[in-house]
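Asker: quick one: sequence plus predicted model below, questions after.
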Protein chains: 2
Amino acid sequence: MIIQYAEQVAAALLERKESLAVAESSTGGLILSLLTDVPGASAWLRGGLVAYTNDAKRTLLHVPDDVLSVHGAVSAEAALAMARGAQRLFSATWALGETGVAGPQTGRRSAKPAGLTFIAISGGTGGAPLERTRQIVLPHPGDRVATKQAFAEAALDLLLEALRNPPS
Amino acid sequence: MIIQYAEQVAAALLERKESLAVAESSTGGLILSLLTDVPGASAWLRGGLVAYTNDAKRTLLHVPDDVLSVHGAVSAEAALAMARGAQRLFSATWALGETGVAGPQTGRRSAKPAGLTFIAISGGTGGAPLERTRQIVLPHPGDRVATKQAFAEAALDLLLEALRNPPS
């Protein structure tokens, strides 16, 4: 099922001759792994980063300190900063950012519940940049692997929407 | 099956109070995704990088130019340089590096066949650094997803060996 999302992303990027990078937190590499299940992914995927610590988000993806201290690592602002960071780091046309709580426990330093994630895209060509964020709340989280799958599916879905309706 | 490898890595790192980072090429995030399937992975996993392009290997993981030009991106030397780069980038006790050809086609710029990968670990504590590389050749590659799984399993196996028999 979810491989179909990745294949659709691949087809859209190939057609547009554009590239992608990914910055993941709670999906932990699953988005990248799904994308690289598609043969020929190296034609459009630049790479990505799994930033499991705040330090990695800050130093490698350049997520601003005040985003982490004011909004927290699990926030729309952090997801967008991660996407922007990955886009720049990998010189990609588009980038996805994801940060959430896969569970089964809630986030350690906050009241953010398992099953909550924020997804962001940053991209677009030339003078028409596009940025979008989306919050996902799973009604019945619990299974960590299934939660990661649902988060990854939502992320690919958000990207597909943008690729199909780019800024004019 | 393969989740058991990840759980054993988790148990060994927790017991040793040590951390891990991963740099992947042809496994494309699968090693990281398997590791983050284990609940509580943030206690020992710092993060990782999927470097699908030579540029990313060079600029983000500091794989030397001459390694890429002399040995190629799919080589033991490149895998080891990727592991060293990830270890430094994420300030981790241990790091895994992986670079291979997932197929189904052979590598574009070389005679490296699908089903070939090189895995490296870099790590260890204090004055006893440990570096190991291993070449894997799958007898019957073809299915890209299964090839990625076999590569990831071999990588976790190499790491487990090192964690169980660290340099004294």
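Answerer: Sure thing, it's come through. Residues are numbered from 1 along each chain as shown, chains lettered A, B, ... in the order given.
Asker: only C-alpha atoms, please: export stretch A:113-122 in CSV.
Answerer: Output of stretch A:113-122 as CSV, limited to C-alpha atoms (Å, rounded to 0.1, in the frame of the first residue of the first chain):
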residue,chain,number,x,y,z
PRO,A,113,1.4,12.2,23.4
ALA,A,114,2.4,9.1,21.4
GLY,A,115,0.7,9.3,18.0
LEU,A,116,1.3,13.0,17.5
THR,A,117,3.6,14.2,14.7
PHE,A,118,4.2,17.3,12.7
ILE,A,119,5.2,17.1,9.0
ALA,A,120,6.5,19.9,6.9
ILE,A,121,7.6,20.4,3.3
SER,A,122,9.9,23.1,2.0
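Asker: low-confidence regions, chain A specifically.
Answerer: A:1-2, A:107-110, A:126-127, A:166-168 (pLDDT under 70).
Asker: where does the residue most central in space within chain A land in three-state SS?
Answerer: The residue lying closest to the centre of chain A (CA atoms, centre = their mean) is residue A:97, at 2.9 Å. Here residue A:97 is recorded as strand under DSSP: H, G, I helix; E, B strand; the rest coil.
Asker: and it, what is it in contact with?
Answerer: Shown in contact with residue A:97 (CB atoms under 8 Å, 6 or more residues apart in numbering or on different chains): A:22-23, A:78-86, A:119-122. Just so you know, the C-beta spots here come from the backbone N, C-alpha and C atoms, and that holds for glycine as well.
Asker: let's see that with 10 Å instead.
Answerer: A:21-25, A:48-49, A:51, A:57, A:61, A:63, A:76, A:78-87, A:118-122, A:133, A:155 (CB atoms under 10 Å, 6 or more residues apart in numbering or on different chains).
Asker: residue A:122 should be in a strand, yeah?
Answerer: Yes: per three-state DSSP, residue A:122 lies within a strand segment.
Asker: can you tell me the closest non-neighbouring residue to it?
Answerer: residue A:83 (3.9 Å; CB to CB, 6 or more residues apart in numbering or on different chains).
Asker: show me what contacts that neighbour?
Answerer: By CB under 10 Å, 6+ apart, residue A:83 lies in contact with A:21-23, A:61, A:92, A:94-99, A:119-123, A:131-133.
Asker: list phi and psi for it.
Answerer: Main-chain dihedrals, residue A:83, degrees, to the nearest 10: phi -60, psi -50.
Asker: check residue A:116 too.
Answerer: The phi/psi pair for residue A:116 (degrees, to the nearest 10) is phi -100, psi 130.
Asker: can you report how many residues lie near it?
Answerer: Residue A:116 has 23 neighbours, counted by other CB atoms under 10 Å in any protein chain shown.
Asker: from what I can see it touches residue A:134, true?
Answerer: No: here residue A:116 lies out of contact with residue A:134, judged by CB atoms under 10 Å, at a distance of 11.8 Å.
Asker: have a look at chain A and report its longest helix.
Answerer: helix A:144-164 (DSSP state H).
Asker: next, the buried residues of that helix.
Answerer: For helix A:144-164, the neighbour count (16 or more other CB atoms under 10 Å in any protein chain shown) marks A:144, A:147-160, A:162-163 as buried.
Asker: all the helices of chain A, residue numbers only.
Answerer: Listed in chain order, the helices of chain A (DSSP H) span A:2-16, A:30-35, A:54-59, A:65-66, A:76-89, A:144-164.
Asker: and the fifth one, how far out from the chain's middle?
Answerer: Computed by CA atoms, centre = their mean, to the nearest Å, the separation of helix A:76-89 from the middle of its chain amounts to 8 Å.
Asker: again, but for the third one
Answerer: Shown here is helix A:54-59, whose average C-alpha point lies 16 Å from the average C-alpha point of the whole chain (CA atoms, centre = their mean).
Asker: which neighbouring elements make contact with that helix?
Answerer: On a contact count with 3 or more CB pairs under 10 Å, 6 or more residues apart in numbering or on different chains; DSSP states H and E, helix A:54-59 meets strand A:45-51, helix A:76-89, strand B:45-51.
Asker: adjacent strands (with direction) for the last one?
Answerer: To tie it back to what came earlier, the one meant is strand B:45-51. Strand pairing for strand B:45-51, determined by DSSP bridges: strand A:45-51 (antiparallel), strand B:20-24 (parallel).
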